[in-house]
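Asker: generate coordinates for the sequence data below:
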Amino acid sequence: VPIRKYVDDLAEQFKQVWASLEIQYDDFIRTTEPRHVRVVEGIFARLIDNGDIFEGTYEGWYCVPCETFLADSELVGGKCPSCGREVEWVEEKNYYFRLSAYGDRLLSHIEANPEFLLPEFRRNEVVSFIKQGLRDVSITRNNKGWGIPVPGDPSKVIYVWFDALINYISALGYDVTTNSFAKPF
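Answerer: From the prediction side, this is the model:
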């Protein structure tokens, strides 16, 4: 089954489930829609311009079915802890988001706005995690024919977990050229 048909069928199944449960939504947006692709490309370009994205090489264990990079300590008997399958050692050039640059800023924001993260025990958990030091995150993969190509580098696609997070602001009609939203929230 071609990837596009597979995801189109899944989207229809989700819509049918929502309808059967009488769940209504304001906007059923998909990451394949041109409006979303434009926002992802614009944000990616802005992050590069700001120095928040850089090229680097990743070496490590990778679970192909889960599309997940894993540390040695995360493996269970040399296998993926989520699906139990074999992992493979990969080495590839990727683009990284410089998350490490945001630790102090995040801690300051949380301290100044304690209600930003609730309940308190979760806030404490997040603060503890940030204080351990944030690692830069690989946000691209090699282009295998599916995904949003990296602007200026079609050999790579933007990793779905990065792209999907942007979907929330795409649905609000975010315009990267004006840095504004079409819909109130």
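Asker: so where does the residue nearest to the spatial centre of the chain fall, helix or strand?
Answerer: Nearest to the mean C-alpha position of the chain, by CA atoms, centre = their mean, lies residue 162 at 1.9 Å. According to DSSP states H and E, residue 162 maps onto helix 160-171.
Asker: if I pick residue 52, what's in contact with it?
Answerer: Counting by CB atoms under 8 Å, 6 or more residues apart in numbering, residue 52 touches 97-98, 101. Using the backbone N, CA and C atoms, a C-beta is placed for each residue, glycine as well.
Asker: rerun at 6 Å
Answerer: residue 98 (CB atoms under 6 Å, 6 or more residues apart in numbering).
Asker: show me where the protein has its helices.
Answerer: Assigned by DSSP state H, the helices in the chain fall at 3-20, 34-49, 103-112, 120-131, 160-171.
Asker: give the pairing partners of the least confident helix or strand in the chain by mean pLDDT; include direction for each.
Answerer: Comparing every helix and strand of the chain by mean pLDDT, DSSP states H and E singles out strand 68-70 as the least confident one, with a mean of 88. Strand pairing for strand 68-70, using DSSP bridges, gives strand 53-63 (antiparallel).
Asker: and the angle for the strand it pairs with with helix 34-49?
Answerer: Taking axes from the mean of the first three to the mean of the last three CA atoms, to 10 degrees, one finds strand 53-63 and helix 34-49 inclined to each other by 110 degrees.
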